[in-house]
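Peer 1: need the 3D shape of this:
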Amino acid sequence: MDDDTPQTPLTPIEQFGVDLRALRTARRMSVRGLGAAVGCSGAYVSKVENAKLVPSEKFAEGCDRTFGTGTLLVRQRQQAIEGDHPIWFEPYTQRERKAHQILDYSTMFVPGLFQTPEYARALYRASAPRLSAPAIESRLAARMRRHEVLESGNPPEVWAILYEACVRTLVGSRGVMAQQLERLTDEAGAPNITVQFMPFNVVPAIGTAFTLLAFDGSPTVLHVEGPQGGRPLETPKAVKTGLAIFDRLRAEALGHDASVARIRQIHEEYAQ
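Peer 2: Next up, the predicted model:
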């Protein structure tokens with residue numbers, strides 16, 4: 001690879017995994033050996049090293065004790081938690097960058113991939129009122145970087161189904177909403193993006209927001225949101241159920257063109 005090729009910087013959780021692997025291999029220790037030393041499985045260690053799992057505090061403490069690194073890994077883990085994304089969201093953003101298809105069902109807010117800075121900032125202020133202004137701006141910058149997956153030379157196919165509350169819930173102000181819905185309809189014009197609108201008079205197949213990420217050469221992952229944050233579900237049964245529900249939602253929602261037209265109508269209401 002050409003040394004001048006821009007490289008995507010590692011996220012804090014990815015860097016933790018890289019550093020952990022370097023410490024382990026320098027001591028000629030296997031993943032199973034490290035797992036035995038800190039009280040977990042080798043599979044757990046492997047997932048942490050490959051940024052598929054956010055390490056627990058107990059795990060970081062055990063690694064510091066095993067490697068004699070004081071509190072190095074504990075502090076690195078804490079910095080990752082306080083970084084640009086909530087701790088539970090880091091693995092999702094890493095997978096989102098690698099997915100070739102993103103199937104998203106949103107029930108309350110416009111999906112993060114399509115959010116404007118003003119809309120996202122208002123959401124952060126409402127959902128995390130104790131965050132400092134610099135912390136909000138840091139998370140905002142991270143959220144805006146997620147749009148880079150749609151700007152790549154080979155962007156993923158995105159299929160977004162939005163329940164009507166996503167465009168009716170007043171986030172920030174009427175002006176913020178007008179700008180956000182204009183952005184949403186602009187995004188919907190891309191050939192790789194399909195948007196479907198589900199009106200209030202339709203009872204959806206499920207009331208919980210979720211996302212399916214499909215990859216070339218690896219299994220599809222179901223990401224479900226809840227009060228304690230999101231979590232990935234990778235079992236074939238869970239993914240199969242998620243795909244079946246998404247198909248039902250697609251059948252219940254308006255088609256792409258009709259959906260964009262309806263969102264434009266609501267945009268005009270906010271813009272007046």
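Peer 1: can you pull out the strands in the stretch 151-272 of the chain?
Peer 2: Applying DSSP state E, counting those that start in this stretch to the stretch 151-272 of the chain gives strands spanning 157-163, 193-198, 210-214, 221-226, 229-233.
Peer 1: what lies in contact with the second one?
Peer 2: Counting contacts by C-beta atoms under 8 Å, 6 or more residues apart in numbering, the residues outside strand 193-198 that touch it are 150, 157-164, 167, 184, 187-188, 204, 249-250, 252-256, 258-260, 262-263. Where you see a C-beta, it was placed from the backbone N, CA and C, and this is true even at glycine.
Peer 1: from the residues you listed, list the buried ones, please.
Peer 2: 150, 158-164, 167, 184, 187-188, 204, 249-250, 253-254, 259-260, 263 (16 or more other C-beta atoms under 10 Å).
Peer 1: ok, now which ones touch residue 168?
Peer 2: Taking C-beta under 8 Å, 6+ apart as the test, what residue 168 contacts is residue 266.
Peer 1: against residue 197, how distant is it?
Peer 2: To residue 197, residue 168 is 11 Å away according to C-beta to C-beta, to the nearest Å.
Peer 1: who touches residue 48 in this structure?
Peer 2: 16, 17, 20, 54, 55, 59.
Peer 1: any chance of JSON lines for those residues, columns neighbour count?
Peer 2: Output for the contacts of residue 48, formatted as JSON lines (neighbours: other C-beta atoms under 10 Å):
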{"residue": "16", "neighbour count": "24"}
{"residue": "17", "neighbour count": "22"}
{"residue": "20", "neighbour count": "23"}
{"residue": "54", "neighbour count": "20"}
{"residue": "55", "neighbour count": "29"}
{"residue": "59", "neighbour count": "23"}
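Peer 1: in these, which has the lowest confidence score?
Peer 2: Lowest pLDDT of the contacts of residue 48: residue 54, 75.
Peer 1: let's verify it: helix, strand, or coil?
Peer 2: Three-state call for residue 54 (DSSP: H, G, I helix; E, B strand; the rest coil): coil.
Peer 1: surely it touches residue 12?
Peer 2: No. Checked against C-beta atoms under 8 Å, the pair residue 54 and residue 12 is beyond contact range at 9.9 Å.
Peer 1: number of residues surrounding residue 199?
Peer 2: 12 (other C-beta atoms under 10 Å).
Peer 1: contacting residues for the nearest residue to it once chain neighbours are set aside?
Peer 2: Excluding its sequence neighbours, the residue lying closest to residue 199 (C-beta to C-beta, 6 or more residues apart in numbering) is residue 164, at 5.2 Å. Contact partners of residue 164, counting by C-beta under 8 Å, 6+ apart, are 197, 198, 199, 200.
Peer 1: roughly how far apart are the third one and residue 123?
Peer 2: Right, the one you point to is residue 199. Residue 199 is 23 Å from residue 123, by C-beta to C-beta.
Peer 1: same question, the last one
Peer 2: From residue 200 over to residue 123 the distance is 21 Å, taken as C-beta to C-beta.
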